[in-house]
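Colleague: pasting the sequence and the predicted coordinates here, then a few questions.
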Amino acid sequence: MNVPSTTLAMMLADSRLPIGAHVSSNALEAALLGGLSPGRIGEYLATRMDTVARVEAGAAVLARHLAQRDQPLAALHAEWAARTPSRAQRRIAAVLGDGLRRLADRLWPGSLSTDAGSPRPLVLGAIAAIAGLGPRDLARLVAYDDAQTVVAAALKLEPGDPRQGTALVLEACARFEPHIDALAALQDPTLLPSAGAPQIEGWSEDQSVLPRRLFRA
Amino acid sequence: MPEPTTIVPAVTTESADGRRSADAPASAVDPTSVSTVSRPGAARRALRLGVAGPVGTGKSSLIATVCRALAREIRLGVITNDIFTDEDARFLRSAGVLDPERIRAVETGACPHTAIRDDVTANLAAVEQLEVDFDPLDVVLVESGGDNLTATFSPALVDAQLFVLDVAGGGDVARKGGPGIGRADLLVVNKIDLAPHVGVDVEQMVADGLEAREGRPVLALSRHREETVAQLRSWVLNMLAAHQAGLHEPQDPGPMAPHFHAGEVEPHTHDEAHDHDHAHQG
């Protein structure tokens, strides 16, 4: 299959992609229960763009770089895990990575270089390497998906004008844009951004033990 | 009170063929071609049996009943789907009818329907992992998160499916039809012991089900009536045998109620690929 990077990015960003990703709210459910006002979801997205989305996008770009050169991803996996201190976040990343791997096995049989249990950014990067998704599109895809996950969950948790949610997604993507150049140039796993967000990590942990949650993560 | 009419035909490929439309490919209508074509690997992995139906009709209880009736004879595993956490898995584990490690929960987020039909990824991953961890299994039961009358399993996830209604939900539900009621491999009318208390005529409800299903099997069930549990047990074993012999072809009950094309006598659904102009009457 030979399709342009843009088409691949659109496909991978489509919420209809069969990878089981609809179970995640990116911890929005716990955040709202923890006191985040629904009117501040835009700020939540902005914080995610400056922190966890950079870690995820950077890891994806690095995985792409390494996979293109047939280099192992274990060291990158460790660097990513060190910057993702919430066990709940690492766990959902592995679950969603597995869903993505299952899809990739069908689309590009035998080509994927990631191990079972690899987190989503690494699987995405490996897919980018074999399918021809460029580093900029890849980084933007991660940010877009991060924001869209939150907004789609918000429409179930605190339904409002859905058009407003779409506006928030675009604002988040614009917020992320200044990070693109630096992320796309990454080649050394040790230089993966260390942009932690303890509040988001805390909400991710809270989410994993919510007694009657709508979302798994 | 007269015993309700219960009809459980043996599992054959006829139920599949009965719903094929006249314009389906010839090879698909020929029962011999269906029964002689053994799907590769079909007999080697477990029968994946879906249990669907609205909330509160007794899906978890039915699975517990199947486990109680069969756990000593065949190797079972269970996947539950819950909208909220793992309530059903915990119920089944506490029922003590199966090794708790063989019961796993899949969280479906706000979309129980999606997880069994449009995007089966999480469920398929869970089923396959269970099959690996307890290899070999004979049957994996997959319980849907209770949804509405339109929610049925994709054949990509299960080989066969039961649709569960109960008398307490109202005697008229079977008549309403829908893909699960009309075309699941087995329709269960559950909790028939409650019928006198809720003013429902079980015989009529079963008759409605049979009419909606054009003769496909309907089972009137109560876990308190051994003879009905025995019928459920036989149905599962028959389906397992058909699966192992490669004689059972997974069917999609479809997302829609059956409908008619102009000039046709038989209703059909759109599970066979065909290209012609549609003139829907209703």
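Modeller: Noted; the coordinates are in hand.
Colleague: make it CA atoms for all contacts and neighbour counts henceforth
Modeller: Fine.
Colleague: show me what the top helix by length along chain A is packed against.
Modeller: In chain A, assigned by DSSP state H, the helix with the most residues is helix A:135-157. Helices and strands touching helix A:135-157, by 3 or more C-alpha pairs under 8 Å, 6 or more residues apart in numbering or on different chains; DSSP states H and E, are helix A:5-13, helix A:28-33, helix A:41-50, helix A:52-68, helix A:120-131, helix A:162-176, helix A:180-184.
Colleague: can you tell me which of those is nearest to A:Pro193?
Modeller: Across the helices and strands packed on helix A:135-157, A:Pro193 has its closest neighbour in helix A:52-68 (5.6 Å, C-alpha to C-alpha).
Colleague: what's in contact with whatever helix or strand comes next after the closest one?
Modeller: Downstream of helix A:52-68, the next assigned helix or strand under DSSP states H and E is helix A:74-82. Residues from elsewhere that reach helix A:74-82, judged by C-alpha atoms under 8 Å, 6 or more residues apart in numbering or on different chains: A:Val55, A:Glu56, A:Ala59, A:Leu62, A:Ala63, A:Arg90, A:Ser118, A:Pro119, A:Leu122, A:Pro189, A:Thr190, A:Leu192.
Colleague: now, of those, which are buried?
Modeller: A:Val55, A:Glu56, A:Ala59, A:Leu62, A:Ala63, A:Arg90, A:Ser118, A:Pro119, A:Leu122, A:Pro189, A:Leu192 (16 or more other C-alpha atoms under 10 Å in any protein chain shown).
Colleague: could I get the residues you listed as CSV with pLDDT and distance to B:Val164?
Modeller: Below are the buried ones among the contacts of helix A:74-82 laid out as CSV (pLDDT from 0 to 100; distance: C-alpha to C-alpha, whole Å):
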residue, pLDDT, distance to B:Val164
A:Val55, 98, 46
A:Glu56, 98, 43
A:Ala59, 98, 46
A:Leu62, 98, 50
A:Ala63, 98, 47
A:Arg90, 97, 38
A:Ser118, 97, 38
A:Pro119, 98, 38
A:Leu122, 98, 42
A:Pro189, 98, 53
A:Leu192, 98, 52
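Colleague: for A:Ala30, give its distance to A:Leu96.
Modeller: 19 Å (C-alpha to C-alpha, to the nearest Å).
Colleague: err, B:Ile103, not the other one
Modeller: As defined by C-alpha to C-alpha, B:Ile103 lies at a distance of 22 Å from A:Leu96.
Colleague: check contacts around the residue in the stretch 51-200 of chain B positioned nearest to chain A.
Modeller: Proximity to chain A, evaluated over the stretch 51-200 of chain B using C-alpha to the nearest C-alpha, is greatest for B:Gly109 at 4.4 Å. Residues near B:Gly109 by C-alpha under 8 Å, 6+ apart: A:His22, A:Val23, A:Ser24, A:Leu214, A:Phe215, A:Arg216, B:Ile83, B:Phe84.
Colleague: just give me the closest of the contacts of helix A:74-82 to B:Ala168.
Modeller: Nearest to B:Ala168, judged by C-alpha to C-alpha, of the contacts of helix A:74-82 is A:Arg90 at 44.1 Å.
Colleague: the closest one sits in which helix or strand?
Modeller: A:Arg90 belongs to helix A:87-107, assigned by DSSP H and E.
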